[in-house]
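> Got a sequence here, can you model it:
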Amino acid sequence: MYINEILNTMNTELNRIMTCLDKLDEEQIWHKYKVNMNSVGNLCVHLAGNEHQHFISGIGKQPMIRQRTLEFTADKTFSKEELKKLLKYTREQSTAILNRLSEEDLRKAVRIEYSAEDWIAMKERDPADRSNGYERELQLVLFQVCEHYGYHTGQIVLLTKLLSGTDKSITGYKH
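Residues are numbered from 1 along each chain as shown. A predicted model of the protein is given here:
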């Protein structure tokens, strides 16, 4: 089933992130190589926010609590253990929602909402664009979030290798 594949892929990526967090200390987790770059901590908060917004709020119809812009400005706002709990708890909630879906649900449209501030701050937009979100087929939202999760997991793996100085595999693959 498509939903199971999405969850299996995202759980593999979550395990990689947990491995990375275990290799880093609190300072390394929040280290930024440049001011305009993200730390591992920022990326973890961002992934939890994105997953919550799309799966828990968008698909699950729970309240939208995300403050996207703050995900990138956060600095030492979570300890390593708090980040791990945030990511795991978000996944538990997402899994419960996604496991209730049917194959038929995959073709239904879902609306993903953003705060007005985040919608404008996220990227350059026509000032008249007040849509504050988008609507997509549910299976496309699942794919999009899964791909996004993998993209940022790769960044976390690379940052972890740089910060920890390890030359050992984090992902389980030699290259």
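> Return the residues in contact with Asp118.
Going by CB atoms under 8 Å, 6 or more residues apart in numbering, Asp118 touches Arg66, Gln67, Arg68, Thr69. All C-beta atoms are positioned from the backbone trio N, CA, C, and that covers glycine.
> Name the member of those residues with the most neighbours.
When neighbours are counted by other CB atoms under 10 Å, Arg66 leads those with 22 neighbours.
> That residue sits in which helix or strand?
Under DSSP states H and E, no helix or strand contains Arg66.
> same thing with Ile6?
helix 2-23.
> Which positions within that helix qualify as buried?
By neighbour count on 16 or more other CB atoms under 10 Å, the buried set for helix 2-23 is Ile3, Ile6, Leu7, Met10, Glu13, Leu14, Arg16, Ile17, Thr19, Cys20, Leu21, Lys23.
> Can you show me the helices along this protein?
With DSSP state H, the ranges of helices along the chain come out as 2-23, 26-29, 40-51, 68-73, 80-98, 116-122, 138-164.
> lowest-confidence stretch among those?
Among the helices of the chain, helix 116-122 has the lowest mean pLDDT, at a mean of 81.
> Next, the buried residues of that one.
Quick answer for helix 116-122 (16+ other CB under 10 Å): Asp118, Trp119, Ile120.
> Now tabulate these in CSV and tack on distance to Leu47.
What follows is those, written out as CSV (distance: CB to CB, whole Å):
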residue, distance to Leu47
Asp118, 16
Trp119, 19
Ile120, 22
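> State the distance from the residue nearest in space to the middle of the chain to Lys32.
In the chain, the residue lying closest to the centroid (CA atoms, centre = their mean) is Leu47, at 1.7 Å. Distance, Leu47 to Lys32, using CB to CB, to the nearest Å: 17 Å.
> and if you look at Tyr173?
Tyr173 sits 27 Å away from Lys32, going by CB to CB.
> Which one of these two is surrounded by more residues?
Ranked by neighbour count (other CB under 10 Å), Tyr173 and Lys32 place Lys32 first, with 14 against 6.
> if you skip the residues just before and after it, what's nearest to that one?
Leaving aside its chain neighbours, Lys32 sits nearest to Ser39 (4.9 Å; criterion: CB to CB, 6 or more residues apart in numbering).
> how distant is the helix holding Ile6 from the center of its chain?
11 Å (CA atoms, centre = their mean, to the nearest Å).
> That helix vs helix 138-164, what angle?
Interaxial angle of helix 2-23 relative to helix 138-164 (axes from the mean of the first three to the mean of the last three CA atoms, to 10 degrees): 20 degrees.
> Give the other helices and strands that helix 2-23 contacts.
Contact here means 3 or more CB pairs under 8 Å, 6 or more residues apart in numbering; DSSP states H and E; on that basis helix 2-23 packs against helix 40-51, helix 80-98, helix 138-164.
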